[in-house]
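Chemist: mind folding the following:
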Amino acid sequence: MNEVQLNTRQTIIVAILVLYLGKYLTKKIKFLEDFNIPDAVSGGVLASLLFGFYYGVFKYQIEFALDIRDSLLIIFFTTVGLSSKLKTLVQGGKPLLILLVTAVSYLLVQNLTGVAIAALTGLDLPIGLLAGSVSLSGGHGTVIAWAPLFKDTHGISNASEIGIASATFGLVFGGIVGGPIAKFLIKKNRLTAHNQDQDLTIGIKDSQKNVQIDYNTMLNSLFVLGITIGFGLELNAIADQFGLKLPVFVTCLLAGIILTNTVPFLFKRFPWPSDTPSLALISDVSLGLFLAMSLMSLQLSSLVDLAGSIALLLFVQLLIITLYTIFVVFPAMGKSYDAAVISSGYAGLALGATPTAIANMTAVTEHFGASPQAFIIVPLVGAFFIDLANAFVIQNFLNFLS
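Modeler: Purely as a prediction, here's the structure:
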């Protein structure tokens, strides 16, 4: 296969163009704007299709330098931590537990759905798990980790291909379904943000005018961001010494939470960047570029290769998560505006990944108003607890099917 290898600089340029494309599409296509589809999702999916078309016609595969994508993810989650006030964290205690219970419960529903559809369509039952919590709640990383076991122990020779294609499906549709779910819940229940003038946790409101971003506040934000990431790396090393394997972005998120709730009280004259447009801008740009890179580099052609039975299974999963979010998650979270925003994020989380969930919530809050609680609860559930619970659930389902 012929390849066109882009370096880091070229990859960033393409990602920026993808975001411009997404913004243009959102402005021109009313559906995308009305249903709060993130710019990175609409632009990234179209770009991926174009790159796939280029490969189909010219037989050249475009390969991107994605190392910087991981750094962008770390930067983004650090900004989330730096924006997380103790008051919001305390308020998030009970809702966090409720969302965790509903999310872990859905892992069982997701796998039962997958196994049931696999049985009805004549597929090997373990494929139901591959197109269940392994790929959807787990994502591409979980697929890569578990695929060899499905292949060697359960005889699914194409386990990796099925899992990656299913995870790709989830990532794409997770970014599409969250906005419409939130809009439906907000309009149906006539919900409004608690304080329309409240600053967003992530991003800047669409209607916000005269946003003040200057040299000093940007420099201060970058300075604090660098220190916080360093602290997060140290926390990760300490956790590793105790045998606790955590993604770096999780410990950087925790580092941001710790510092933003201590340093401003210890050093009152130091200009802490929380709630500043400069930090919000860094957050927006890092998330947008991360998602653009993730989606534009997807091999969407793998979805074309899905057999009819597996495609049916995945669309049933899409229907089930939509119903579960509307009729279980939203009521469980209190049927409030925060619950609607959390629901948009949870749909992205259960189908795709934590950054997809955040992008959904960012698009919703930029349109309807702030929801600080949502940006604490969803990342903590998605970035840490779900992966641990999912490993336990997958193993027990495999034991049952053996």
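Chemist: quick one: the strands in the stretch 201-350 of the chain, in order.
Modeler: In the stretch 201-350 of the chain, no strands are defined using DSSP state E, counting those that start in this stretch.
Chemist: just the helices from it, written as ranges.
Modeler: 215-241, 248-260, 263-266, 277-296, 301-304, 308-324, 330-332, 337-351 (DSSP state H, counting those that start in this stretch).
Chemist: hey, least reliable of the ones you listed by pLDDT?
Modeler: Mean pLDDT values for the helices of the stretch 201-350 of the chain show the minimum at helix 301-304, a mean of 65.
Chemist: and the contacts of the host helix or strand of residue 73?
Modeler: If you go by DSSP states H and E, residue 73 is part of helix 67-82. Residues outside helix 67-82 that contact it (CB atoms under 8 Å, 6 or more residues apart in numbering) are 8, 11-12, 201-202, 224-225, 228-229, 232, 248-250, 252-260, 273-274, 279-280, 282-283, 286-287, 289-290, 293-294, 355, 358, 375, 379, 383. C-beta here means a position set from N, CA and C on the backbone, and glycine is covered the same way.
Chemist: which residue lies farthest from the center of this protein?
Modeler: Distance from the centre of the chain peaks at residue 269, with 35.4 Å (CA atoms, centre = their mean).
Chemist: quick one, phi/psi of it?
Modeler: phi -90, psi -10 (degrees, to the nearest 10).
Chemist: what does residue 4 give?
Modeler: phi -110, psi 110.
Chemist: my read: it touches residue 64, true?
Modeler: No. Assessed by CB atoms under 8 Å, residue 4 is found out of contact with residue 64, at 9.8 Å.
Chemist: comparing those two, which residue is more hemmed in?
Modeler: residue 64 (21 against 14; other CB atoms under 10 Å).
Chemist: correct me, but that one touches residue 11?
Modeler: Yes. Applying CB under 8 Å, one finds residue 64 in contact with residue 11, separated by 4.5 Å.
Chemist: what residues are shared contacts of the two?
Modeler: With CB under 8 Å, 6+ apart as the test, residue 64 and residue 11 both reach residue 293.
Chemist: any idea how far whatever helix or strand residue 113 lives in is from the chain center?
Modeler: In this assignment (DSSP H and E), residue 113 forms part of helix 93-121. Taking CA atoms, centre = their mean, to the nearest Å, one finds helix 93-121 lying 18 Å from the centre of the chain it belongs to.
Chemist: which strands and helices sit next to whichever helix or strand comes after it?
Modeler: Using DSSP H and E, the helix or strand that directly follows helix 93-121 along the chain is helix 125-129. Here helix 125-129 touches helix 93-121, helix 139-154, helix 308-324, helix 386-401, going by 3 or more CB pairs under 8 Å, 6 or more residues apart in numbering; DSSP states H and E.
Chemist: at 7 Å instead, please
Modeler: Using 3 or more CB pairs under 7 Å, 6 or more residues apart in numbering; DSSP states H and E, the elements in contact with helix 125-129 are helix 93-121, helix 386-401.
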